[in-house]
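# sequence and predicted structure, then a few things I'm wondering about:
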Amino acid sequence: ILNVEQSPQSLHVQEGDSTNFTCSFPSSNFYALHWYRWETAKSPEALFVMTLNGDEKKKGRISATLNTKEGYSYLYIKGSQPEDSATYLCAFRSTPNTDKLIFGTGTRLQVFP
Amino acid sequence: DGGITQSPKYLFRKEGQNVTLSCEQNLNHDAMYWYRQDPGQGLRLIYYSQIVNDFQKGDIAEGYSVSREKKESFPLTVTSAQKNPTAFYLCASSRQGNTEAFFGQGTRLTVV
C-alpha cells in the first residue's frame, strides 16, 4: 500500500494569518501530485495538479510547491479567510500506466474571524 | 450540465443485506473511482476502473464488488461480507492522463 501522509491533521488560525501544510509521498515512481479542497457539505474540488520537480502553482492566495526527489509538497495560504475553512487533501499518482489515485488523510483548516 | 451523480444521498440497510450505490457521469471520462471515508480518516480507495469492462482493486476491496459495463456508470455493491459497511462513499471520475478527478456528492450508508 502506497503511503501518503499529511500534516498537521488539523489547524486553527485567525483571519489574516498565513499558513502552510505538508503532503509526503513516495519519491520513487512519481507521476503526479494533486491538491483538493473539500468544504463541508460539498464535493472535493481540485486546486492543483503538479508533475515536475520544483513546480510551483498559484491560484489566488493559495500556492503549492513540489519536491519529487524528497517526496513532499507544501500548500500555502496567504492571508487566510473564513471561507478558506475546509479539509485540504493531497493525492498521489505513481506511474503513467495507471489512473490509481491515492489520497492522504487531509489537513482540516479552520479560520476564525 | 456535465457532472458526476451519486444516488441516493443517504441509505439505510439491515445487516446482512447487499446494497448497491449508484455513480453516473456524463463527462466522457474513462477513469472512475470509489473511495470510502470514515471519521478521522482520509479517502481510501476501494476500486477503480480505467476503461469499460475493466476494473482494479484498490486498498480496501474486500467485501465490495463493482462493474463497468458502460463508460458512464460504475456501481458499487457493498456485500454482506464487508464487516464495517457504515461509512461515507465517494465516487470520482477523471480523463486519462494527468488530469484532476471530479467527485460526486457522496452517499452516506448506514447499516443497522
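That came through, no problem.

# hey, where'd the strands end up in chain A?
Using DSSP state E, the strands of chain A run over A:5-7, A:10-14, A:19-24, A:32-38, A:45-50, A:56-59, A:62-67, A:72-77, A:86-93, A:102-103, A:107-112.

# worst mean pLDDT among the ones you listed?
Here the lowest mean pLDDT among the strands of chain A goes to strand A:102-103, at a mean of 92.

# does that one reach chain B?
Yes: Strand A:102-103 is in contact with chain B by C-beta under 8 Å from any C-beta of the partner chain, via A:Ile102, A:Phe103. C-beta here means a position set from N, CA and C on the backbone, and glycine is covered the same way.

# where does the nearest residue to B:Ile60 once chain neighbours are set aside fall, secondary structure wise?
Nearest residue to B:Ile60 in three dimensions, chain neighbours excluded: B:Arg44, at 5.1 Å (C-beta to C-beta, 6 or more residues apart in numbering or on different chains). Using DSSP states H and E, B:Arg44 sits within strand B:43-51.

# pLDDT averaged over that strand, what's the number?
For strand B:43-51, mean pLDDT is 93.

# what comes up buried for stretch A:92-106?
For stretch A:92-106, the neighbour count (16 or more other C-beta atoms under 10 Å in any protein chain shown) marks A:Phe92, A:Arg93, A:Ser94, A:Asp99, A:Lys100, A:Leu101, A:Ile102, A:Phe103, A:Gly104, A:Thr105, A:Gly106 as buried.

# hang on, the last one packs against A:Tyr88?
Yes: here A:Gly106 reaches A:Tyr88: they are 6.4 Å apart, a contact under C-beta atoms under 8 Å.

# between these two, what contacts are shared?
Overlap of the contact sets of A:Gly106 and A:Tyr88 (by C-beta atoms under 8 Å, 6 or more residues apart in numbering or on different chains) consists of A:Gln6, A:Trp38.
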